[in-house]
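Undergrad: Below are the sequence and a predicted model for it; my questions follow.
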Protein chains: 2
Amino acid sequence: MERVAIIGASMTQFGQREGEWVLDLLAEAGLGCLEDSGVDASDLDHLYVSNMASGEFEGQTGIPNALAHDIDAMPAYTQRVDQTSSSGGAGIYAAWQSVASGASDMTMLVGGEKMTHRTTGEATDVIASLTHPAEYKHGVTLPSFAGLTARHYLERFDAPRDSLAKVAVKNHKNGVDNPNAQFQKEIDEETALESPIVADPLRLYDFCPITDGSAALMLCPESVAEEYTDDYVVISGIDGATDTHVVHEREDPTVMGGVVESGEGAYEMSGYGPDDIDVAELHDMFTILEFLQMEGLGFAEQGEAWELVEDGYTERDTGELPINTSGGLKSKGHPLGASGVAQAVEIYEQLMDEAGPRQVDADVGLCCNVGGFGNCVITTIMEAAR
Amino acid sequence: MERVAIIGASMTQFGQREGEWVLDLLAEAGLGCLEDSGVDASDLDHLYVSNMASGEFEGQTGIPNALAHDIDAMPAYTQRVDQTSSSGGAGIYAAWQSVASGASDMTMLVGGEKMTHRTTGEATDVIASLTHPAEYKHGVTLPSFAGLTARHYLERFDAPRDSLAKVAVKNHKNGVDNPNAQFQKEIDEETALESPIVADPLRLYDFCPITDGSAALMLCPESVAEEYTDDYVVISGIDGATDTHVVHEREDPTVMGGVVESGEGAYEMSGYGPDDIDVAELHDMFTILEFLQMEGLGFAEQGEAWELVEDGYTERDTGELPINTSGGLKSKGHPLGASGVAQAVEIYEQLMDEAGPRQVDADVGLCCNVGGFGNCVITTIMEAAR
């Protein structure tokens, strides 16, 4: 079967976008992606919009149709992809399927969310509505799951508290060089360790912010890609998988089954293994998740990811496997539906040698987008085609 | 490329499902579909959930993950498909792509919506939020578009008002024989013509009701289907297309561009034309839409569908092309995310000779699912494989 190529990418400034709505952000990223790829909107066959909750956040639904209208993409088929906080990754999978099935020869994926006009409490409530009713009624939120998991991890694997802070420090450092990041600001370990407690032992700097933003990718069959450009990226492997939606039913709270399963599927499809990955974007909605994904994807043994982080293994300029060169969700921000797409935008730029001051040496990259607290995970492996 | 088969189908009772939530309905249809197809939940690769607005209607999101959990389908990949009132048709397209791309060898699609716990006004508001912001701010609703379009159609094509009532009468008559229909009750033309005005010239009986319900389909490659059964249905053609999202920008308000484009795509893919279709389920959210789809899909010339309806051409037992043998959205009900799936369930049962008192003689069937006021439309052509 012909491989699926990515021939263009774009993202908006992430952060607080006052006076703009998700439709404005989607249009900005979408038009940017059309320009970046040299594709005319009238050549789009399919247009996917990754978005979790425009209805809940803005009282506006039907945004894929409105976007198709506003960027003049009609009669392109369009649809919204929702997989909670992994809507972006799910969008990549949907866009990949649209091309791989032969349904579309040119698919644009645009992910976006507008959140900062709501209070942090309101946004947390919308996100908490994704938990299983059996747990939701007890008042759980994703941060509470993260706190419980972090405590268990630190105690069981004898990991120092500051190893989590090191994730935040690293990702903030990387974000300084990303002009689209919400926080382009270094922090030190002391700041992270002394920030207010949110869900003990996790503190403010263990959490990603509430963010507005959008990101986009252009996908097509490799034979079509070659009509547009000599330099492009291909999706070598992609898979998605669920874990128990009731989090307390998991046998081992430090193992994210969706990460393991989707990773295995993506590795198998690509023919690559963990050792072949040169750069990765992991879903650091909470610092502890970076450890769990490193372990679930085979970059570290169970209970040992924290040691690799302490040893600098995941540092951008000096580490063996740079993780979250974009700044990650932690410093780049986490506009739900955009995040998984933005992860792939970063890997695309790294593989295309377009990452500027963030550039690392990479031929093969991976992104892992986590829905809910690992309830559904999509792992994508990409490689440079030239 | 191998064809995509449908090997099982199920739907719940449509209507007012007090004390149940969308997750209950999805589980009921999903478990019914697993049983009907003889597939074990652990054999599912992908699970798609068509749903427009569980967050807005119930304050519950992440329902695909919850469903995967509740029917024990983990680690099957899952995702929500939203294309407003055509979420069900979009789900068929997504499920088709998942199989045709090779990503999944067994995909279950479950569509559902829970609406009746909200007032008709509240439900209409949620649906109106799908209109373009440029029109939404003026207070438009889908019924208002329908009223304007019906007036234009009747005047321009010199169609009698009672031709619209005949659509309602026919679909109610068909619904009497559908045990899952919300209204299993015949109405006469006089009742329809004298019912209260909603959006002049359309009256109460020109509109579908607010409904709770769910419907499901099982899709797989034809080679896999043959391991399960000798009798199955294949998807011969499927396509989706958008029209202007700002409805007042359409050149001709009686032409639904999304219907025309998606129909042409589905015909081309299937090798069939309008004359080959033996039975059709059209999206009669409003009676006038049945005329517009008959014309957009080539069953009638522009402005002439009303004459075919008057002549009995679309009657179930005596007509040349039975339309909405299920009772249609009009009498079966319209639980947004379920409707497009339920259309295909009816066509599946017709092609499998399982439609009981509704059975017509059919080898090839079509369904047309309309999002918004034709903002995005999905047309699916199916045929019996035996």
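TA: Noted; the coordinates are in hand.
Undergrad: For stretch A:61-68, give the mean pLDDT please.
TA: Averaging pLDDT along stretch A:61-68 yields 96.
Undergrad: now what about that stretch, what contacts it?
TA: Applying Cβ atoms under 8 Å, 6 or more residues apart in numbering or on different chains, the contact partners of stretch A:61-68 are A:22-23, A:26-27, A:30, A:47-49, A:51, A:54-55, A:60, A:73-74, A:76, A:78-80, A:110, B:52-53, B:56, B:82-84, B:126, B:129-133, B:242, B:245, B:371-372, B:375-376. Every residue, glycine included, has its C-beta placed from N, CA and C.
Undergrad: Could I get the CA-only coordinates of that stretch as PDB?
TA: Output in PDB follows, covering the C-alpha atoms of stretch A:61-68 (Å, rounded to 0.1, in the frame of the first residue of the first chain):
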ATOM      1  CA  THR A  61     -21.000  23.600  17.100                       C
ATOM      2  CA  GLY A  62     -20.700  22.600  13.400                       C
ATOM      3  CA  ILE A  63     -17.300  24.200  13.200                       C
ATOM      4  CA  PRO A  64     -15.900  21.900  10.500                       C
ATOM      5  CA  ASN A  65     -18.700  23.100   8.200                       C
ATOM      6  CA  ALA A  66     -18.100  26.700   9.100                       C
ATOM      7  CA  LEU A  67     -14.300  26.300   8.600                       C
ATOM      8  CA  ALA A  68     -14.800  24.700   5.100                       C
END
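Undergrad: Out of the contacts of stretch A:61-68, name the ones that lie in helices.
TA: When those are checked against helices (DSSP state H), the matches are A:22-23, A:26-27, A:30, A:54-55, B:56, B:126, B:133.
Undergrad: List just the nearest of those residues to residue A:334.
TA: Closest approach between these and residue A:334, by Cβ to Cβ: residue A:22, at 14.5 Å.
Undergrad: sorry, back to before: most neighbours, which of the ones in helices among the contacts of stretch A:61-68?
TA: Greatest neighbour count in these, by other Cβ atoms under 10 Å in any protein chain shown, goes to residue A:26: 32 neighbours.
Undergrad: Pretty sure it sits against residue A:49.
TA: Yes: counting by Cβ atoms under 8 Å, residue A:26 does reach residue A:49; the two are 6.4 Å apart.
Undergrad: and for those two, which residues touch both?
TA: In contact with both residue A:26 and residue A:49: A:63, A:67, A:110, A:112, using Cβ under 8 Å, 6+ apart.
Undergrad: need the residues you listed in a markdown table with distance to residue A:262 and neighbour count, can you?
TA: Listed next are the shared contacts of residue A:26 and residue A:49 as a markdown table, based on distance: Cβ to Cβ, whole Å; neighbours: other Cβ atoms under 10 Å in any protein chain shown:
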| residue | distance to residue A:262 | neighbour count |
| --- | --- | --- |
| A:63 | 27 | 30 |
| A:67 | 28 | 27 |
| A:110 | 22 | 35 |
| A:112 | 23 | 37 |
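Undergrad: Would you format the residues you listed as CSV with distance to residue A:38 included?
TA: As requested, these are exported to CSV (distance: Cβ to Cβ, whole Å):
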residue, distance to residue A:38
A:63, 25
A:67, 20
A:110, 17
A:112, 22
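Undergrad: Using CSV, lay out these together with secondary structure.
TA: CSV is the format used below for the shared contacts of residue A:26 and residue A:49 (DSSP: H, G, I helix; E, B strand; the rest coil):
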residue, secondary structure
A:63, helix
A:67, helix
A:110, strand
A:112, strand
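Undergrad: any idea which of these is closest to residue B:147?
TA: For the shared contacts of residue A:26 and residue A:49, the nearest to residue B:147 is residue A:63 (25.4 Å; Cβ to Cβ).
Undergrad: what's the nearest residue to that closest one if we skip its chain neighbours?
TA: residue A:54 (5.3 Å; Cβ to Cβ, 6 or more residues apart in numbering or on different chains).
Undergrad: Now residue A:294. Its backbone dihedrals?
TA: Residue A:294 adopts backbone torsions of phi -60, psi -40, taken as degrees, to the nearest 10.
Undergrad: OK, contacts around it?
TA: A:282, A:300, A:305, A:308, A:314, A:323.
Undergrad: ok, these vs chain B, which is closest?
TA: residue A:282 (19.0 Å; Cβ to the nearest Cβ).
Undergrad: For the closest residue to that closest one other than its chain neighbours, which residues are in contact?
TA: Computed as Cβ to Cβ, 6+ apart, the closest residue to residue A:282 that is not its neighbour in sequence is residue A:293, at 4.4 Å. Residues in contact with residue A:293 (Cβ under 8 Å, 6+ apart) are A:256, A:259, A:282-283, A:368, A:370.
Undergrad: just to revisit the earlier point, want to throw the ones in helices among the contacts of stretch A:61-68 into JSON lines with distance to residue B:275 and pLDDT?
TA: Formatted as JSON lines, the ones in helices among the contacts of stretch A:61-68 follow (distance: Cβ to Cβ, whole Å; pLDDT from 0 to 100):
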{"residue": "A:22", "distance to residue B:275": "44", "pLDDT": "97"}
{"residue": "A:23", "distance to residue B:275": "41", "pLDDT": "97"}
{"residue": "A:26", "distance to residue B:275": "41", "pLDDT": "98"}
{"residue": "A:27", "distance to residue B:275": "42", "pLDDT": "98"}
{"residue": "A:30", "distance to residue B:275": "40", "pLDDT": "98"}
{"residue": "A:54", "distance to residue B:275": "42", "pLDDT": "96"}
{"residue": "A:55", "distance to residue B:275": "41", "pLDDT": "95"}
{"residue": "B:56", "distance to residue B:275": "42", "pLDDT": "95"}
{"residue": "B:126", "distance to residue B:275": "39", "pLDDT": "93"}
{"residue": "B:133", "distance to residue B:275": "41", "pLDDT": "85"}
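Undergrad: Take the residues you listed and lay them out in a markdown table including distance to residue A:234.
TA: A markdown table is the format used below for those (distance: Cβ to Cβ, whole Å):
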| residue | distance to residue A:234 |
| --- | --- |
| A:22 | 30 |
| A:23 | 31 |
| A:26 | 25 |
| A:27 | 27 |
| A:30 | 22 |
| A:54 | 31 |
| A:55 | 35 |
| B:56 | 38 |
| B:126 | 41 |
| B:133 | 37 |
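Undergrad: Just flag the most distant two among those.
TA: A:30 and B:126, at 25.5 Å, using Cβ to Cβ across these.
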